[in-house]
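Asker: Sharing a sequence plus its predicted fold:
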Amino acid sequence: MYRITILACIVFFIFPATANAQVFLNELFPNPSGDSSEGSEFIEIYNNSDKEVDITNYIIEETKTYTIKDKKIPAYGFVCFLRSETGLALNNNGDKVTLKDSGANIVDSFEFKETLEDKSWARYPDGTGTFSNDVTPTRCERNTPGPSATLVPTSALSPTDSLKITETEEIVPTSGVLVEDDMPDYSNDIAINQNVIDKSSNVTRASTDQSEPGKSDYRYIITISFGLVLIVFSGYLLYKKST
């Protein structure tokens, strides 16, 4: 018995609240032109859900109240109430309209301070947008944006956003060798395998045959040794001649 009571309470309190959250005052037409057209004033309610909503015994409240009788709004649908039906006269100089559910809980409310003749106060987009004045009436149809409506893009670059492009300096190789400006110059300090530094091109020209390592060293040793032998031999000949 307790479980049934608790379940009933959950259904009663949660489900109506979910439905109510999807029902909105969507358009008010308070100032039609001409005295004879006052009865064409209307109040529009919109269902912004994918399920039918029963608004029977809901209350529309202005200076007077009107209780809705036997009415359901289809999914994403509209229902409109004419002044001639409800007896609710919207004030051209400003008024407040409140929608309440069958339990007298406020579902939605809107207050306006002024009106324009033959123009509506209407939400754009339907159900979710803010109210805008100077809108062409669209009774029980989708609202259109008025001149004062401002559409805000859902995604855009902020003014502080920018694309950052970093320029890189192109380094042009000289004589097939890549030389960087910030590299230290060791050309005056180091000689590689007795090579000669050609400073006009900043290129080290190698004269050593790398397939025979040490060949140049042997050549210098033989040359020096042969020179010393000649000097010693020449000195010996001169000595013998003087004696």
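Answerer: On my side now, so go ahead.
Asker: need the helix or strand of this structure with the lowest average pLDDT.
Answerer: Least confident helix or strand of the chain, by mean pLDDT, DSSP states H and E, is strand 203-205 with a mean of 38.
Asker: give me the low-pLDDT residue ranges for this structure?
Answerer: Counting by pLDDT under 70, the chain shows low-confidence ranges at 1-21, 36, 148-223, 243.
Asker: now with 80?
Answerer: Residues of the chain that meet the criterion pLDDT under 80 lie in 1-21, 35-38, 146-230, 232-243.
Asker: show me where it has strands.
Answerer: 23-29, 42-47, 53-54, 59-61, 65-67, 72-73, 78-82, 95-100, 106-112, 120-124, 130-135, 196-198, 203-205 (DSSP state E).
Asker: What strands line up against the second one, and which way round?
Answerer: Right, strand 42-47. In the sheet containing strand 42-47, its partner strands are strand 23-29 (antiparallel), strand 78-82 (antiparallel), by DSSP bridges.
Asker: tilt between the first one and strand 120-124?
Answerer: Using axes from the mean of the first three to the mean of the last three C-alpha atoms, to 10 degrees, one finds that strand 23-29 and strand 120-124 are set 140 degrees apart in direction.
Asker: Which residue comes closest to Ser84 once chain neighbours are left out?
Answerer: Gly39 (3.8 Å; C-beta to C-beta, 6 or more residues apart in numbering). Backbone N, C-alpha and C define where each C-beta goes, glycine included.
Asker: And the helices in this protein, which stretches?
Answerer: Applying DSSP state H to the chain gives helices spanning 2-20, 83-86, 215-242.
Asker: picking up where we left off before, could the strands of the chain go into a markdown table alongside mean neighbour count and distance to Lys240?
Answerer: Converted to a markdown table, these look like this (neighbours: other C-beta atoms under 10 Å; distance: least, C-beta to C-beta, whole Å):
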| stretch | mean neighbour count | distance to Lys240 |
| --- | --- | --- |
| strand 23-29 | 24 | 132 |
| strand 42-47 | 25 | 133 |
| strand 53-54 | 18 | 136 |
| strand 59-61 | 19 | 144 |
| strand 65-67 | 14 | 149 |
| strand 72-73 | 17 | 138 |
| strand 78-82 | 18 | 136 |
| strand 95-100 | 18 | 139 |
| strand 106-112 | 16 | 134 |
| strand 120-124 | 25 | 126 |
| strand 130-135 | 17 | 125 |
| strand 196-198 | 13 | 43 |
| strand 203-205 | 14 | 48 |
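Asker: closest to Val229 out of the ones you listed?
Answerer: strand 196-198 (28.8 Å; C-beta to C-beta).
Asker: I figured Lys96 was touching Glu62, is that so?
Answerer: Yes: shown here, Lys96 and Glu62 form a contact pair, counting by C-beta atoms under 8 Å, at 7.1 Å.
Asker: how about the strands paired with strand 42-47 in a markdown table, adding distance to Asn57?
Answerer: Shown next, in a markdown table, are those (distance: least, C-beta to C-beta, whole Å):
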| stretch | distance to Asn57 |
| --- | --- |
| strand 23-29 | 13 |
| strand 78-82 | 14 |
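Asker: nearest to Tyr66, of those?
Answerer: Of the strands paired with strand 42-47, nearest to Tyr66 by C-beta to C-beta is strand 78-82, at 7.0 Å.
Asker: how about the closest one as PDB, C-alpha atoms only?
Answerer: Output of strand 78-82 as PDB, limited to C-alpha atoms (Å, rounded to 0.1, in the frame of the first residue of the first chain):
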ATOM      1  CA  PHE A  78       0.100  26.100 -30.800                       C
ATOM      2  CA  VAL A  79      -3.200  27.000 -29.300                       C
ATOM      3  CA  CYS A  80      -4.700  30.500 -29.400                       C
ATOM      4  CA  PHE A  81      -7.400  32.200 -27.300                       C
ATOM      5  CA  LEU A  82      -9.200  35.200 -28.700                       C
END
